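**Q** how would this look folded up:
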Amino acid sequence: MAEAKPHLHREGTMQVTAKEGIDYLESEGKTKLLEMQGLKDPEPAQNSLKRDGTMAVTAKEAEQLLGKDKPDEGKAFLKRSKKGN
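**A** Alright, predicted model coming up:
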């Protein structure tokens, strides 16, 4: 009887070409292109900036939008704050 030949797994031409292309772009330092094409996951950027809390950000946004016009500092607000003291 004829001996069974081992079955070798071969990849198609397009898969091999794609892998070689990715390897080539990585070796040339073109990782941004691979990330843009969705062929590689982007590396998370390390953020060394301090983040403000939600209330601090909201307060800054309110100050930018309202400027000196602060509606809570009207007569009614001043009356309530004097009663509390």
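**Q** mind listing what's buried along the longest helix anywhere in the chain?
**A** Across the chain, the longest stretch assigned as helix under DSSP state H is helix 13-27. For helix 13-27, the neighbour count (16 or more other Cβ atoms under 10 Å) marks residue 25 as buried. Every residue, glycine included, has its C-beta placed from N, CA and C.
**Q** so which elements touch that helix?
**A** Other helices and strands packing on helix 13-27, by 3 or more Cβ pairs under 8 Å, 6 or more residues apart in numbering; DSSP states H and E, are helix 31-37.
**Q** how near is residue 46 to residue 58?
**A** Shown here: residue 46 relative to residue 58, a distance of 26 Å by Cβ to Cβ, to the nearest Å.
**Q** and those two? which has more neighbours close in?
**A** Shown here are residue 46 and residue 58; by other Cβ atoms under 10 Å, residue 58 has more neighbours (11 against 5).
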